[in-house]
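> next come a sequence and a model predicted from it.
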Amino acid sequence: MSTTTERVKATLGKRYAREKRFRFYGLASIALSILFLVILLADIIGKGYPAFTSTYIKLDVQLDAQTLGVSADSTPEQLRTANYNTVVQNSLNTLIPGVTERKEKKALKSLVSGDAQYELQRRVMDDPTLIGTNQSVWVLADDDIDTYYKGNIDRTLPEGDRRIKDFQLTWLDKLEADGRIESQFNTIFFTRGDSREPEEAGILSALIGSFYTLLVTLSLSFPIGVAAALYLEEFAPKNNFWVDLIEVNINNLAAVPSIVFGLLGLAVFIQLFGVPRSAPLVGGLVLTLMTLPTIIIAARAALRAVPPSIREGALGIGASKTQTVFQNVLPLAMPGILTGTIIGMAQALGETAPLLMIGMIAFIMDVPSSVTSPSTVLPVQIYLWSDSPERAFTERTSAAIMVLLAFLVSMNLLAVILRKRFERRW
Amino acid sequence: MTEATIDMTTTAVLKANTATSGGREEFAHTISGTIGKPYLDGKDAKFFCRGVNVFYAGEKQAIFDVNMDIGRNEVISMIGPSGCGKSTFLRCLNRMNDTIAGCRVTGDIKLDGEDIHDKEQDPVLLRARVGMVFQKPNPFPKSIYDNVAYGPRLHGLASNRAELDDIVEQSLTKAGLFKEVKDRLQAPGTGLSGGQQQRLCIARTIAVSPEVILMDEPTSALDPIATATIEELIDELRASFTICIVTHSMQQAARISQRTAYFHMGYLVELNDTKTVFTNPQHQLTENYITGRFG
């Protein structure tokens, strides 16, 4: 055996051991990441899934014309302002007779949510012929009742330490025995805006707000970012002082704390240009500023990765610079640019700080109808709810995080599909 | 071959060897203009080049005072050791050097009597007249059809789909590729083999009907069989085009070209009929190169 063979053999074991060790480190890091992800998801889902159901109470209501103060031929306006409150109260009094004390009366009324009378209002306005009939209606229970049925209020605690008193528990036991308590899917969460009452609070206004905000961000930052990257990479003179200065500044902008962009948006877009505050338009503008450096840097890297032989090939046939760039270079760089854009958009979707500066932290009940109507966004909604004291908001916070994650996943999925489509064109 | 085995009898060889290892000036005086027949006296030249100098960024000179004519419908090959400037000179002819930042070309280059550096001369139009095939096959990431149709579409050479189909078929046929790909014109051009890709690039170039085709080592990335196909093709294309080919293979230059130019360290040392260059080189540097003493 030659000396080379011997020496190589002597070190082989060490080399393989090093490789094995490295593989193990890699696997361990992946396992650790997955573990944390699982813990995070389990925590969020575990806390959030009860928010997808709500407790309902069945009431037998007498929609008599006298109590309501309306008739079947009343105008919609009269129907809207009719006295549904008393109807709800009467039906509760019938269910739990003999409540006389003022404090207990109040507690009886608060078994059901404030939404109960509006539920009746909606039904009557849909169908005025209901006036004068008796109906069985499932109405939303108060959030404390809901929390109790989700097992978050311990009835073995001393009475002073619980939000539901002993007499309320007796009523609930009676209602449950009568089959008047039921858990139903929480459609309100997906169809309404924010509310001070947890049982009536929904995510839709924040979801639509996020959607509009991202729409503004995407439609501004993508074309501007790609155009800037194309110019800097393909057309700008190389080794030019001003071009280098711009490049350094773009890289710096990517590291500026996002709240600074919020202050800038407040000073420039709202104060100077008079863009409506709290609107997705101004939110989108601010997030565009924040996303642009990410898109520009990614797009430049993608353009740089296109082999120069493609440019030469096109130029050699007599394509102009612009034709070469748009017909040959850009399509090849597109998958990379889309990846960068998606990273930027995902950052924008999760951004809270700059939006606080421009008033998107407002309490918004209505679903925004356009990019200029006041709205909030998912992360801000999560922040607002996590700050609320009611127990029922805790689960809604987690549920909102789940909605945010679902939004993010579907956005990424769309990007993957788009990228695949571009790649399929070779 | 080691230094010791070389029979170094002439000073030129000595000087040349010192030159390859460093000082350009030392060897420069051994070249007094271009030896051979660089000009087509009396005949009408396709390309007319006088006093061409090329500088790269930082004033590094790559080409020194090249004078030559390129005739119509001839294949002229440019040979020389790596870094001798033959590719750089080739790229002057369709102003591809314009795309390199800091690159400067001086001197007179005329195509059919028109100065290609004239302000009126558009590089896009020039490149439509003087096509180029590169060392590495570089088909666009499009279908075979779209690769060939790219140029005609750019320049609006076909007024309808049938005409375009016709151009594509003719170009592919001329490039000797049509039979192989006629059933899969919509397949990606990048999916072809290396030799087929290079022929696709040639088809793409001739689809524009240029007058001159520049080829920068078109077969250096191909196997001998693909190389032979392309060499045959070049010979056939000579009937309709003027072809300038840069090659590292002297056998290839001998097989396909009518005239051969030998470049050395940025100088055009010798330009003559291919037969003369390979059988009776006039300059010591040329002889050394073709006999394999250096390069």
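Everything's here; your move.

> pretty sure residue B:51 sits in a helix.
No - read with DSSP: H, G, I helix; E, B strand; the rest coil, residue B:51 is strand and lies in no helix.

> contacting residues for it?
Residue B:51 makes contacts with B:65, B:66, B:67, B:106, B:107, B:108, as judged by Cβ atoms under 8 Å, 6 or more residues apart in numbering or on different chains. The way it works is simple: take the backbone N, C-alpha and C, and place the C-beta from them, glycine included.

> the fourth one: what secondary structure?
The one in question is residue B:106. strand.

> how about the nearest residue to it, chain neighbours excluded?
residue B:53 (4.7 Å; Cβ to Cβ, 6 or more residues apart in numbering or on different chains).

> count the neighbours of that neighbour for me.
Using other Cβ atoms under 10 Å in any protein chain shown, residue B:53 has 16 other residues around it.

> burial count for the residue in the stretch 151-300 of chain A that chain B sits nearest to?
The nearest approach of the stretch 151-300 of chain A to chain B comes at residue A:238, 4.6 Å away (Cβ to the nearest Cβ). Residue A:238: 9 surrounding residues under other Cβ under 10 Å.

> kindly report the same for residue B:132.
26.

> can you confirm it is in a strand?
Yes - counting by three-state DSSP, residue B:132 is part of a strand.

> that one touches residue A:319, doesn't it?
No - if you go by Cβ atoms under 8 Å, residue B:132 and residue A:319 don't touch, sitting 12.0 Å apart.

> burial measure for residue 288, as a count.
Here I'm looking at chain A. Applying other Cβ under 10 Å, we find 24 residues neighbouring residue A:288.

> wait, I meant chain B there
Neighbours of residue B:288 (other Cβ under 10 Å): 22.

> tell me how far it lies from chain A.
32 Å (Cβ to the nearest Cβ, to the nearest Å).

> the strands in the stretch 1-150 of chain B, which residues?
B:35-36, B:45-56, B:60-71, B:75-79, B:104-111, B:114-115, B:130-133 (DSSP state E, counting those that start in this stretch).

> please apply the same query to the stretch 1-150 of chain A.
A:53-62, A:134-140.

> what strand or helix carries the residue nearest the centre of chain B?
Nearest to the geometric centre of chain B sits residue B:245, at 3.1 Å (Cα atoms, centre = their mean). Using DSSP states H and E, residue B:245 sits in strand B:242-246.

> can you check residue B:260 too?
Assigned by DSSP H and E, residue B:260 falls in strand B:259-264.

> counting neighbours, what do you get for the nearest residue to residue B:231 once chain neighbours are set aside?
Leaving aside its sequence neighbours, residue B:231 sits nearest to residue B:256 (Cβ to Cβ, 6+ apart; 5.3 Å). Neighbourhood size, residue B:256 [other Cβ under 10 Å]: 21.

> these two touch, right, residue B:256 and residue B:237?
No - with contact defined as Cβ under 8 Å, residue B:256 and residue B:237 do not form a contacting pair (10.2 Å).

> hang on, the earlier thing: how about the residue nearest to residue B:106, what does it touch?
Residue B:53 neighbours (Cβ under 8 Å, 6+ apart): B:61, B:63, B:64, B:65, B:66, B:105, B:106, B:107.

> show me the shaky parts of the stretch 251-400 of chain A.
By pLDDT under 70, the stretch 251-400 of chain A has no low-scoring segment.

> the helices in it, which residues?
Ranges of helices in the stretch 251-400 of chain A, per DSSP state H, counting those that start in this stretch, are A:258-265, A:280-304, A:308-317, A:321-323, A:330-349, A:353-357, A:378-386, A:391-424.

> relative to chain A, how far out is the residue nearest to the centre of chain B?
Counting by Cβ to the nearest Cβ - residue B:245 and chain A are separated by 15 Å.

> so that residue sits against residue B:212, correct?
No - Residue B:245 is not in contact with residue B:212 according to Cβ under 8 Å; the separation is 11.2 Å.

> reformat the strands of the stretch 1-150 of chain B as JSON lines; add mean pLDDT.
Shown next, in JSON lines, are the strands of the stretch 1-150 of chain B (pLDDT from 0 to 100):
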{"stretch": "strand B:35-36", "mean pLDDT": "80"}
{"stretch": "strand B:45-56", "mean pLDDT": "89"}
{"stretch": "strand B:60-71", "mean pLDDT": "89"}
{"stretch": "strand B:75-79", "mean pLDDT": "93"}
{"stretch": "strand B:104-111", "mean pLDDT": "90"}
{"stretch": "strand B:114-115", "mean pLDDT": "88"}
{"stretch": "strand B:130-133", "mean pLDDT": "92"}
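
> how about a markdown table for those, with distance to residue A:264 added?
Formatted as a markdown table, those follow (distance: least, Cβ to Cβ, whole Å):
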| stretch | distance to residue A:264 |
| --- | --- |
| strand B:35-36 | 70 |
| strand B:45-56 | 44 |
| strand B:60-71 | 46 |
| strand B:75-79 | 59 |
| strand B:104-111 | 44 |
| strand B:114-115 | 54 |
| strand B:130-133 | 49 |
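
> of those strands, which is nearest residue A:369?
Nearest to residue A:369 among the strands of the stretch 1-150 of chain B is strand B:130-133; the distance by Cβ to Cβ comes to 57.5 Å.

> does any part of stretch A:215-232 sit near chain B?
No - applying Cβ under 8 Å from any Cβ of the partner chain, one finds stretch A:215-232 out of contact with chain B, separated by at least 13.9 Å.

> enumerate the residues of the stretch 201-350 of chain A near chain B.
A:237-239, A:307, A:309-320, A:323, A:327-328, A:331-332.
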